[in-house]
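K.L.:
could you work out the structure for the sequence below:
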Amino acid sequence: MCGICGIVFYNRAQQYTNPVEQMKKTMEHRGPDNEGTWGDANAVLGHRRLSIIDLSDAGRQPMVSADGRYVLVYNGEIYNFKELKQQLSDYPYKSNSDSEVILAAYSQWGKECIQYFNGMFAFAIWDTRLEELFVARDRLGIKPLYYVVSDNMFLFASEVRSLLASGLVERKVDKESIIDFFRYQTVHAPDTIIKDIKMLMPGYCLELKRQGNNNHIQIDQRCYWKLGINKGILTPVGKSREQIRRDVYDLLIKSVESRIVSDVKSGVFLSGGIDSSAIVAFMHEASCRHINTFTVTFHEEEYSESAFAKLVAKKFKTYHHEIRIPVSEFLKILPEALDDMDHPSGDGANTWVVSKVTKDEGISMALSGLGSDELFAGYKYYKLMYYLEKFKNIANNTASARMAISKSLNYIKETIPGNKVKELLQLSRWDIPYTYPLMRQVLNDSVIKQLLPDKSISQNRVQLMLEHDENLKNGRLPVLSKISIAEISSYLQNVLLRDTDQMSMAHALEVRVPFLDFNLVDYVLQIPDSVKFPSTPKRILVESLRGMLPDEIINRPKMGFVFPWERWMKNELRSYCEQNLKALQDLNFLDAVTIDHLWKQFLAGNKAISWSRVWVLVVLGNWLKRNNITI
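P.N.:
Sure thing, here's the model as predicted:
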């Protein structure tokens, strides 16, 4: 796990070695173990290394192929690198790293090598002979890759702040992305909060070459893998429930087995919920004898999951670490957590805290249960979305009646659930591309319009994305799988995975996510609704565990890892929030009166203004001020 960066500027790249060094410097936290730079007349590549596989100097990057033709910078892990190394046995290896296997694969298979990789990755390979760059990102978007392109220059890096540090990128906010951020506490790829910075999409690769005889750059992007259209190594079609259960078990055990391979001390984030407990159970099944588990708890018992985590730790005899954090300590380190935020997000502080205390215990790699909810219909609203989609044809013909009902609800006191119901009734259609964006939206459009100076608002990016998704247009996939695709391509990839990367790598901690093995994802998306329907929480996942988890874990109410944000924001964090809201107001591109009104309504206990709806403004004000972003 590392940080990568580079520049391509034909015939002038060596003049930009210093910007690459600056980009590397800002990513020291991603790779404290080593660093390196390689350059020629046309390209300069930089790397910061966090050593996980092959800790020797033989694994250093940038790494040059045996014949000297290809130069690699790479961030991630290829879990099947040992199998690939056997297939590519003719290559003269000098290390035991997965990095060198990428070079061997590219030397053998060229750009199609990505079809062979199972892992999380973002990498760039410079071809010194053809003077071309090949960049790729993993299928599910676990590892990030940001870039800036102009007629004659291409910059790339693992972080937004790294590109800003180059001095070659204008620090200007993308106003359309601000609207997306208000709606979803993030900005959806390929856009970012910065006008000129883009993000390579999950499952995409990029090819860069010289255009004609001049020094201009030509870029071609292509999708090499897409959610929902792959058959995978197994299929549930025509199988019984018992056969599907066994397949899920087999795929999960293989995923976990491949992800526990490392040359450093590792652990598991254990909340005591089904997801993280399942990871521990599968690690135990995979004969992992020394399992380190980590649970972060608080003095406020209503937020603590420690009792459930202890049950799991005791059953599987893990080396359990329970770390209790006093409110005073958390509040002291919160500004540091936000300072480590590479791209603004309304979430992520949770991951930062867990990663910090885990790294402090000497752990450099941890497994997480991330992705299970999205894959196995774990969120409560999956059932509602399922029935809305099932009855959409009836609903789409009753728009006028639904509008009348919605108007009648205006007399009911405002709450967040009540407002969601009213907005749902006002929708012209109840297809997933229209209902899902509403379910995940943080600030509603009427509030966002009040925040904007011209009171106009752009079309919803999530809705646009889902309207063009072929999986949601045809009837091939089960309904629950269509909802999963909406979740994975929106919330999981653009909030949860981005936050996990930026907040864990702030502490040089690698996080692996077994539930997002693409073979497992391909399989689960084909499971019929009759088998996967969550009549009990994540039913088919629980059944695949074959009774390995204690009943208390299976039957406990879903809680999630939460902080007492509302209490803190109204008390200990009040001045911090007000400072950053003031910073946002001082930028003079949003309506200061509306910001002040939202804050006062939150303090007054308005049930329609939750802490998260104010926190996105606090985070944005802090991030724009700290990074000197202008309008």
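K.L.:
show me where pLDDT drops low in the stretch 51-200 of the chain?
P.N.:
Where the stretch 51-200 of the chain drops to pLDDT under 70, the residues are 53-55.
K.L.:
got a list of what the residue sitting nearest the centre point of the chain touches?
P.N.:
Taking Cα atoms, centre = their mean as the criterion, L497 is the residue nearest the geometric centre of the chain, at 1.4 Å. L497 is in contact with 140-142, 370, 513, counting by Cβ atoms under 8 Å, 6 or more residues apart in numbering. For every residue, glycine as well, the C-beta is placed using N, CA and C.
K.L.:
pull the most distant pair out of those.
P.N.:
G141 and L370 (12.1 Å; Cβ to Cβ).
K.L.:
what separation do you get for the closest residue to A377 other than its chain neighbours and M199?
P.N.:
Once flanking residues are discounted, A377 sits nearest to P534: 4.5 Å by Cβ to Cβ, 6 or more residues apart in numbering. For P534, the distance to M199 equals 32 Å [Cβ to Cβ, to the nearest Å].
K.L.:
which of these two has more neighbours?
P.N.:
M199 (23 against 19; other Cβ atoms under 10 Å).
K.L.:
isn't the more buried one up against L145?
P.N.:
Yes - proximity of M199 to L145 meets the contact threshold set by Cβ atoms under 8 Å, at 6.9 Å.
K.L.:
just the helices in the stretch 151-300 of the chain please.
P.N.:
All helices of the stretch 151-300 of the chain, identified by DSSP state H, counting those that start in this stretch, fall at 160-165, 175-184, 241-259, 274-285.
K.L.:
among those, which comes closest to L388?
P.N.:
Nearest of these (Cβ to Cβ): helix 175-184, 19.6 Å.
K.L.:
the closest one: how far from the chain's middle?
P.N.:
Centroid separation for helix 175-184 versus its chain: 17 Å, with Cα atoms, centre = their mean, to the nearest Å.
K.L.:
swap in stretch 313-327?
P.N.:
What separates the centre of stretch 313-327 from the centre of its chain is 26 Å, taken as Cα atoms, centre = their mean.
K.L.:
and E543, what element?
P.N.:
Using DSSP states H and E, E543 sits in helix 539-544.
K.L.:
give the other helices and strands that whichever helix or strand comes after that helix contacts.
P.N.:
Downstream of helix 539-544, the first helix or strand assigned by DSSP H and E is helix 551-555. Applying 3 or more Cβ pairs under 8 Å, 6 or more residues apart in numbering; DSSP states H and E, we find helix 551-555 packed against helix 274-285, helix 306-315.
K.L.:
related to what we said a few turns ago, using CSV, list the CA coordinates for the helix holding E543.
P.N.:
What follows is helix 539-544, C-alpha atoms only, in CSV (Å, rounded to 0.1, in the frame of the first residue of the first chain):
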residue,chain,number,x,y,z
ARG,A,539,-30.0,-13.8,5.5
ILE,A,540,-27.9,-15.6,2.9
LEU,A,541,-24.7,-14.3,4.4
VAL,A,542,-25.7,-15.6,7.9
GLU,A,543,-26.7,-18.9,6.4
SER,A,544,-23.4,-19.3,4.7
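K.L.:
how close does M120 sit to R512?
P.N.:
Taking Cβ to Cβ, one finds M120 at 7 Å from R512.
K.L.:
which neighbours do these two share?
P.N.:
By Cβ under 8 Å, 6+ apart, M120 and R512 have these common neighbours: E77.
K.L.:
show me where pLDDT drops low in the stretch 451-600 of the chain?
P.N.:
Across the stretch 451-600 of the chain, the ranges flagged by pLDDT under 70 are 557-563.
K.L.:
the strands in it, which residues?
P.N.:
Assigned by DSSP state E, counting those that start in this stretch, the stretch 451-600 of the chain shows strands spanning 510-512.
K.L.:
what about the helices in it?
P.N.:
Going by DSSP H, counting those that start in this stretch, the stretch 451-600 of the chain shows helices at 461-467, 470-473, 479-487, 497-505, 518-524, 529-532, 539-544, 551-555, 565-570, 574-586, 592-603.
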